[in-house]
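[1] just need the structure, nothing else, for what follows:
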Amino acid sequence: MGISAVQSLELIERLHAYDSVPSPAFKELDATWVGTSLGIAGVPLLIGDGKLEEIIETPPVTKIPGTKAWVIGVAAYKGGLLPIFSGDVLFRSRPYTGRMRDYCMVIRRPGQYFGLTLSHVQRDLRFPTKDRVTDHQVDPDFAEYTLGGFMYKGDFLAVLDIDKLVEDEELSNASARKASSIRRKGNE
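    Numbers count the residues shown, from 1 in each chain. Model (predicted):
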């Protein structure tokens with residue numbers, strides 16, 4: 001009499017376990033920070049992976065009257081409208097005098113959706129998280145929006161915290177007039 005199907009499977013399992021080679025031991029990998037190296041207003045920065053929607057060529061814009069100086073205008077983008085902000089004016093309070101910035105990063109957060117012009121775009125970089133520096137001096141115009149950074153080829157690249165940037169009251173109101181002056185005119 002032969003063996004049953006279940007007995008046959010058990011036999012195959014035992015033979016395989018006897019003949020098999022043990023799995024190789026993997027060394028534990030260090031945690032890695034991944035992000036994009038780019039520049040805003042000439043300042044080299046890093047943006048964490050997944051923190052921005054995408055980087056696009058700066059689209060043609062239509063100016064919007066009555067907005068703050070850092071609002072370049074609004075652009076048609078993926079079937080909708082995308083406000084485009086000048087990174088130079090927003091952070092440095094002065095416009096860039098060269099040709100129009102070629103690229104902008106698109107940021108989408110609850111209640112915020114805009115493009116911010118970039119002075120340069122380099123590439124994606126990886127750093128061991130243990131190498132993060134938190135006490136390095138950062139450009140004063142960006143200091144309140146950064147979370148430490150990493151050394152790369154002798155330069156310090158600060159990590160821009162998009163969430164801190166989006167929470168800034170200045171960014172959330174692009175109207176050139178103050179809310180209090182609008183109320184007074186409505187009451188007169």
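[2] okay, CA-based contacts and neighbour counts for the rest of this
    OK.
[3] how long is stretch 43-61 end to end?
    Chord length of stretch 43-61, first to last residue, is 24 Å (CA to CA, to the nearest Å).
[4] buried set for that stretch?
    Neighbour counts using 16 or more other CA atoms under 10 Å place V43, P44, L45, L46, I47, G48, K51, L52, I55, T58, P59 of stretch 43-61 among the buried residues.
[5] which SS state does L9 fall under?
    helix (DSSP: H, G, I helix; E, B strand; the rest coil).
[6] okay, now it: neighbour count?
    Using other CA atoms under 10 Å, L9 has 11 neighbouring residues.
[7] check contacts around it.
    Residues counted as contacts of L9 (CA atoms under 8 Å, 6 or more residues apart in numbering): none.
[8] check what pLDDT it gets.
    On pLDDT, L9 comes in at 86.
[9] roughly how far apart are it and Y145?
    Distance, L9 to Y145, by CA to CA: 61 Å.
[10] with I12 instead?
    To Y145, I12 is 61 Å away according to CA to CA.
[11] for V106, the count of nearby residues, please.
    V106, neighbours per other CA under 10 Å, totals 20.
[12] that one belongs to a strand?
    Yes: with three-state DSSP as the criterion, V106 is part of a strand.
[13] ends of stretch 128-143, what's the gap?
    When the termini of stretch 128-143 are compared using CA to CA, they are 22 Å apart.
[14] nearest residue to R109 other than its sequence neighbours?
    In space, and not counting its chain neighbours, R109 is closest to V166: 7.7 Å by CA to CA, 6 or more residues apart in numbering.
[15] do the same with R126
    V34 (4.6 Å).
[16] surely that neighbour is within a strand?
    Yes: V34: assigned to a strand according to three-state DSSP.
[17] so what's it up against?
    With contact set as CA under 8 Å, 6+ apart, V34 has these partners: G48, D49, D124, L125, R126, F127.
[18] contact partners of stretch 137-147?
    Counting by CA under 8 Å, 6+ apart, V43, F91, R92, T134, A158, V159, L160, D161, I162, K164, L165 sit against stretch 137-147.
[19] do that again at 6 Å, thanks
    Here stretch 137-147 makes contact (CA atoms under 6 Å, 6 or more residues apart in numbering) with F91, V159, L160, D161, K164, L165.
[20] between those residues, which is closest to F85?
    Proximity of these to F85 (CA to CA) peaks at F91, which lies at 10.6 Å.
[21] helices of the chain, residue ranges please.
    Secondary structure of the chain by DSSP state H: the helices cover 5-19, 87-92, 162-167, 169-172, 179-187.
[22] what residues sit buried inside the longest one?
    In this case it means helix 5-19. Using 16+ other CA under 10 Å as the test for burial, helix 5-19 gives no buried residues.
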